[in-house]
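# Provide a 3D model corresponding to the input given below.
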Amino acid sequence: MKPEKLEIPSSGHLEVQLENPTDNLIEIGFTMDSFSFKFERAWILKDGKEIDVMNDEKQNRLIHGLEGHDVLHFRIKCRKAFKHRKWETYEKSSEFGYFKITWEVKINSLHPSRKANLTKEFHMNAFKTFPLSIEPNCEKAKVLAEAFLEQQKHQERRQRIKDCHTKEESVWLDVTEDYISYEWDRKTKMNMWIEEILEKYGAKIDQLSDNEIKKMKEDLMKSFEKERKKKENEIEKGIKEEKEENEARRQQEMRLKKEQEKKCVVM
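Take a look at the predicted model:
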């Protein structure tokens with residue numbers, strides 16, 4: 001692999017080459033776990049033309065069958081936009097993160113016998129992890145550091161809101177999906193409300209007391225309960241009206257039947 005050290009230059013992107021030095025097809029897999037960097041593109045050269053290789057840029061991973069002596073080119077670049085990752089948590093080690101390569105090669109070996117040549121297939125697997133970094137003191141390094149610091153603050157505020165448990169919330173914190181559906185629904189809603197509170201107040205969360213945060217969560221719970229009760233009443237009302245309509249229809253049918261029977265007797 002060239003270069004061996006994956007340090008992103010001040011330009012904000014790094015082109016990497018990975019060569020298959022064998023005559024065999026090698027299954028190459030890439031995984032990148034990084035807050036700051038992402039895959040932009042991967043390609044190979046065939047007859048002087050660049051042919052793009054399918055990859056999952058959103059998930060920062062790639063799988064490709066690299067033919068013997070072919071060279072895979074790919075580009076790693078700095079992220080441009082840094083929105084808070086709502087449901088994700090990044091440790092300090094993930095600020096720049098790592099780049100992991102896995103490869104698998106299948107080798108056929110001939111075993112002569114009296115009757116025929118038997119072929120046996122061997123699978124060889126290996127992997128290597130490379131740390132990612134950026135040229136120190138460049139402007140992009142400063143932008144990345146500031147963005148990661150904001151993400152860390154976002155995570156700390158999210159955790160603080162989560163840890164400010166209301167009395168009711170403390171009861172069903174350990175509820176799982178296979179538990180009472182109503183309790184699981186409340187727990188799922190609370191996770192959404194944590195993000196709603198965080199989005200609404202942002203850095204102002206730092207000035208709020210734990211009791212003020214609990215009060216926000218209690219108010220959201222009350223609104224949820226009120227809406228849930230309203231829906232239950234509407235459902236009950238609908239069931240009652242349907243029963244009344246069915247009963248009225250049944251009574252009408254009975255009256256018509258009796259009137260028909262009277263007409264038959266008279267005739």
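# Which secondary structure element of this protein has the lowest mean pLDDT?
Within the chain, no helix or strand scores below helix 167-171, which has a mean of 71 by mean pLDDT, DSSP states H and E.
# Helix or strand next in line after that one, which one?
helix 181-201 (DSSP states H and E).
# Give the rounded mean pLDDT of that next one.
Helix 181-201 shows a mean pLDDT of 78.
# for stretch 10-21, same thing?
The pLDDT scores in stretch 10-21 average 91.
# So what would you say the end-to-end distance of that stretch is?
When the termini of stretch 10-21 are compared using Cα to Cα, to the nearest Å, they are 31 Å apart.
# Give me the contacts around it.
Stretch 10-21 is touched from outside by 1-3, 6-8, 26, 28, 40, 66-78, 101, 135, 138-140, with contacts defined as Cβ atoms under 8 Å, 6 or more residues apart in numbering. Yep, even glycine has a C-beta here, placed from its N, CA and C like the rest.
# give the contact list for Phe148.
Phe148 makes contact with 35-36, 90, 95, according to Cβ under 8 Å, 6+ apart.
# could those go into TSV alongside distance to Leu62?
TSV is the format used below for the contacts of Phe148 (distance: Cβ to Cβ, whole Å):
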residue	distance to Leu62
Phe35	19
Ser36	18
Tyr90	21
Glu95	22
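# any chance of the residues you listed in a markdown table, plus secondary structure and pLDDT?
Formatted as a markdown table, the contacts of Phe148 follow (DSSP: H, G, I helix; E, B strand; the rest coil; pLDDT from 0 to 100):
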| residue | secondary structure | pLDDT |
| --- | --- | --- |
| Phe35 | coil | 90 |
| Ser36 | coil | 91 |
| Tyr90 | coil | 86 |
| Glu95 | coil | 90 |
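# Which of the residues you listed ranks first by neighbour count?
Per-residue neighbour counts (other Cβ atoms under 10 Å) across the contacts of Phe148 peak at Ser36, which has 24 neighbours.
# isn't that one right up against Glu95?
Yes: Ser36 lies in contact with Glu95 (Cβ atoms under 8 Å); the separation is 6.2 Å.
# Specify which member of the contacts of Phe148 is nearest to Glu212.
Ranked by distance to Glu212 (Cβ to Cβ), the contacts of Phe148 are led by Tyr90 at 27.4 Å.
# Fine by me, we can end here.
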